[in-house]
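Student: I need the structure of the sequence given here:
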Amino acid sequence: MNGVNINDLLNDYVIPWGINISMAIAIFVIGRIVAGIVVNLVNKLLIKSGTDSMLVNFICSIIKSVLMLFIVIAALNQLGVDTTSFIALIGAAGLAIGLSLQSTLQNFAAGVMLILFKPFKLGDFVEAGGSSGVVEKINIFNTIMRTGDNREIIVPNSSIYGGTITNNSARDTRRIDMVFGIGYDDDIRKAKELLNDILANDERILKDPKPLVAVAELADSSVNFNVRPWVKSGDYWGVLFDITEKVKLTFDEHNISIPYPQMDLHLNKQE
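Tutor: Numbers count the residues shown, from 1 in each chain. Next up is the predicted model:
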């Protein structure tokens, strides 16, 4: 009877395959441990260097994914699997995914740049990407803003980084630019004195730089004053609204008119 030689089977197949499987498992397990050590080391170094926590997490996840990919390929290679075609397949798939997700990759790149260069931070009031609001969260692909009426706006990072960014919270102080007009028959000196008094009596207005009150234009129906006080950035809107109201009430009390556009209509009566 022709039977299978057990010794040959063990020597030719079982033992070599057992060794290869054991080695592949060892490569995977040890490689995973080493990858974890490397990722933890990079995480600590980045945190110590002051890198943004969001960017730290993203970089560490990328490093871990790449290391695990190499570990899996090494384990498969130990099992005798031809990894050349496997690597080529991964490369082709990566290229196809990259082309199909081009806009997503642009948002990702812009997100990294925003996190690295920090043109604004959480809590800043900014105008960017065609929207304005308080920055609540900076993600890898988009930035979340909250408007003054408590709406949430999600803006793609590429729209923000590729355009003009106005950060209204970047400086501690801001200048308020206001224009008030009076009639040509009103007393310019009196109006200027009243405007200066209004600014002087508001404690939120800074003394340095000194507020400006000046006649800026002799318009068609009014004499226009430029009123430009400096305030802390957090007081901007409150001072703007309060001063506007105070000017109207004060001018009314002192019989100083605030002209508005008018149209005179003349009718010719025909006999």
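Student: Against which helices or strands is the longest helix anywhere in the chain packed?
Tutor: Longest helix in the chain, counting residues (DSSP state H): helix 15-48. Contact here means 3 or more Cβ pairs under 8 Å, 6 or more residues apart in numbering; DSSP states H and E; on that basis helix 15-48 packs against helix 53-78. Just so you know, the C-beta spots here come from the backbone N, C-alpha and C atoms, and that holds for glycine as well.
Student: mind listing what's buried in the helix it packs on?
Tutor: 55-56, 58-60, 64, 67, 71-73, 75-76, 78 (16 or more other Cβ atoms under 10 Å).
Student: Nearest to Ser221, out of the residues you listed: which one, please.
Tutor: Leu55 (56.3 Å; Cβ to Cβ).
Student: pLDDT at that closest one, what is it?
Tutor: Looking at Leu55, its pLDDT is 69.
Student: Same question for the one 3 residues further on.
Tutor: We have a pLDDT of 69 for Phe58.
Student: now swap in Ser257 and tell me
Tutor: pLDDT at Ser257 comes out at 92.
Student: got the end-to-end distance for stretch 223-239?
Tutor: When the termini of stretch 223-239 are compared using Cα to Cα, to the nearest Å, they are 23 Å apart.
Student: tell me the average confidence for that stretch?
Tutor: 95.
Student: Over to stretch 148-156?
Tutor: In this model, stretch 148-156 has a mean pLDDT of 92.
Student: now do the same end-to-end measure for it.
Tutor: With Cα to Cα, one end of stretch 148-156 sits 20 Å from the other.
Student: How about residues contacting it?
Tutor: With contacts defined as Cβ atoms under 8 Å, 6 or more residues apart in numbering, stretch 148-156 is touched by 103, 107, 110, 128-131, 133, 136, 141-147.
Student: Now do the helices in the stretch 101-250 of the chain.
Tutor: 102-117, 157-161, 188-200, 236-253 (DSSP state H, counting those that start in this stretch).
Student: quick check: domain ranges of the chain?
Tutor: 6-100, 119-167, 173-253 (automatic domain parsing).
Student: Export those as a markdown table, with columns for distance to Tyr260.
Tutor: Below are the domains of the chain laid out as a markdown table (distance: least, Cβ to Cβ, whole Å):
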| stretch | distance to Tyr260 |
| --- | --- |
| domain 6-100 | 51 |
| domain 119-167 | 27 |
| domain 173-253 | 8 |
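Student: and the angle from the longest helix of the chain to helix 53-78?
Tutor: 170 degrees (axes from the mean of the first three to the mean of the last three Cα atoms, to 10 degrees).
Student: Could you measure from Lys192 over to Ala35?
Tutor: According to Cβ to Cβ, to the nearest Å, Lys192 and Ala35 sit 73 Å apart.
Student: Counting neighbours, which bits of stretch 159-179 end up buried?
Tutor: Taking 16+ other Cβ under 10 Å as the criterion, stretch 159-179 shows Ser159, Ile160, Tyr161, Ser169, Arg174, Ile176, Met178 as buried.
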